[in-house]
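> Predicted structure and sequence below. I'll ask about it afterward.
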Amino acid sequence: MTELVQQLPILYSFRRCPYAIRARMTLLHCSIPFELREVLLANKPRSMLLVSPKGTVPVLVLNDGTVLDQSLDIMHWAINSTYPSASDPNNWMAAEIPTIGRRLIEANDTEFKRALDAYKYEKPGDTRSLSDYRTDAEWFLVGLEDRLEYNRFLMADRISLVDIAIFPFIRQFAGVDPNWFDQSPYAKLRGWLAHLLQSDLFLGSMTKHPVWRPDESIRN
């Protein structure tokens, strides 16, 4: 008798994309096996565009054909599927204060992301300096530093969905000018970032994989 092979969810991903990083970290935290398809954003595979025409990563295709193409939707699905009880310490949403947590993630994904992009990418003929763009983003860092004065993590003394959702973007910000960030007044934020950068969860999510081809698959 031929043994039936359970098809895994398929994750289209790009290693350095912050949205994909937070999705991968959550899937790994939940021990959800998946087929990883590392893509080049300049040459997106047709199979990804067929299920998600918007053409951005991450995209998770579930066994039943459901497509989740927003990183936060993937994170919520993974947590709710694996740790439905709010009393479970692995339920990252249990430590989240709903209104404040949602506002922090929304601010990260909108105003801070726009300021971060302007800080990262030099524009020809731009009269504004790098420090000008950095200042535009610092209001968000100030708010995070204030929160970390009272808790080990952003919402409580245990990690939450908010930490994982924001962390990849702070990692990018710190990497633009590491010397400045290391000497900045955000000591608590630096400690928080260092803890997550050294975590097995982050390191495991950043394993390098070759670009996926239609006849290849990588299982995690």
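Ah, there it is.

> use CA for all of it now, contacts and neighbours both
Fine.

> hey, where'd the strands end up in the protein?
10-13, 35-38, 59-61, 67-68, 218-219 (DSSP state E).

> Let me have those strands in a markdown table, extended by mean pLDDT, mean neighbour count and distance to Leu154.
Listed next are the strands of the chain as a markdown table, based on pLDDT from 0 to 100; neighbours: other C-alpha atoms under 10 Å; distance: least, C-alpha to C-alpha, whole Å:
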| stretch | mean pLDDT | mean neighbour count | distance to Leu154 |
| --- | --- | --- | --- |
| strand 10-13 | 98 | 25 | 26 |
| strand 35-38 | 97 | 22 | 29 |
| strand 59-61 | 98 | 25 | 27 |
| strand 67-68 | 98 | 18 | 26 |
| strand 218-219 | 60 | 13 | 32 |
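
> and these as CSV, adding distance to Ala118?
Rendered in CSV, the data for the strands of the chain read as follows (distance: least, C-alpha to C-alpha, whole Å):
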stretch, distance to Ala118
strand 10-13, 24
strand 35-38, 26
strand 59-61, 25
strand 67-68, 28
strand 218-219, 34
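
> Can you give the contact residues for stretch 46-56?
With contacts defined as C-alpha atoms under 8 Å, 6 or more residues apart in numbering, stretch 46-56 is touched by 12, 41, 44, 59, 61, 67, 69.

> give me the beta-bridge partners of the fourth one?
On the basis of DSSP bridges, Val59 takes part in beta bridges with Tyr12.

> and it, what does it touch?
Applying C-alpha under 8 Å, 6+ apart, the residues near Val59 are 10-13, 48, 52, 67-71.

> Kindly report the same for the fifth one.
Contact partners of Val61, counting by C-alpha under 8 Å, 6+ apart, are 9-11, 51, 67-68.

> Contacts only, for Arg190.
Contacts of Arg190 by C-alpha under 8 Å, 6+ apart are Asp182.

> State the distance from it to Ile170.
Separation of Arg190 from Ile170 (C-alpha to C-alpha, to the nearest Å): 9 Å.

> re earlier: if we take the contacts of Val59, which one ends up nearest to Asp200?
Ser13 (19.2 Å; C-alpha to C-alpha).
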